[in-house]
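Participant: My questions are about this predicted structure, shown below with the sequence.
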Amino acid sequence: MDKSIYLQTLCQNMKLLRTSKKLSQEKMSAKLNTARTTYSSYENGLFLPDLYILDALASFHKINLETLVMRDITKGTLNRIYISGE
C-alpha cells in the first residue's frame with residue numbers, strides 16, 4: 001500500500017476522533033503537550049507525528065496504533081465502534 005494512503009487515513013482519523021469528542025485543535029494539542037500549529041500540521045498532513053505523539057493519541061482515544069494509522073474509521077463498522085460507541 002502506498003505510504004500516502006496511510007498519511008491520509010491518519011489525518012482523517014485524527015480529525016474525526018478529535019471532533020467526535022468536541023475538542024478544538026488547541027485543546028487536543030494541549031493534551032499532547034504540543035503547539036496547536038504543530039497539531040494542525042499533523043491533521044493537515046504537513047508533518048508526520050512521531051511515535052510518542054501517535055502513542056499518546058491512541059491512548060487518549062482508546063484505540064490501537066494500527067487502527068489509528070491504517071484503518072479508515074470515518075465510515076462503516078469502525079465508525080460505529082470508535083465514534084458512536086456501539
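Facilitator: Looks like it arrived, so ask away.

Participant: Excluding covalently adjacent residues, which one is nearest to the most centrally placed residue in the chain?
Facilitator: What sits nearest the mean C-alpha location of the chain, by C-alpha atoms, centre = their mean, is Met14, with 2.0 Å. Closest residue to Met14 apart from its sequence neighbours, by C-beta to C-beta, 6 or more residues apart in numbering: Glu43 at 5.1 Å. The way it works is simple: take the backbone N, C-alpha and C, and place the C-beta from them, glycine included.

Participant: and the helix or strand hosting the residue nearest to the centre of the chain, what other elements does it pack with?
Facilitator: Here Met14, judged by DSSP states H and E, is contained in helix 3-20. Contact analysis of helix 3-20 by 3 or more C-beta pairs under 8 Å, 6 or more residues apart in numbering; DSSP states H and E lists helix 36-43, helix 51-61, helix 65-70 as its packing neighbours.

Participant: how much does it deviate in direction from helix 51-61?
Facilitator: Comparing the axes of helix 3-20 and helix 51-61 via axes from the mean of the first three to the mean of the last three C-alpha atoms, to 10 degrees yields an angle of 40 degrees.
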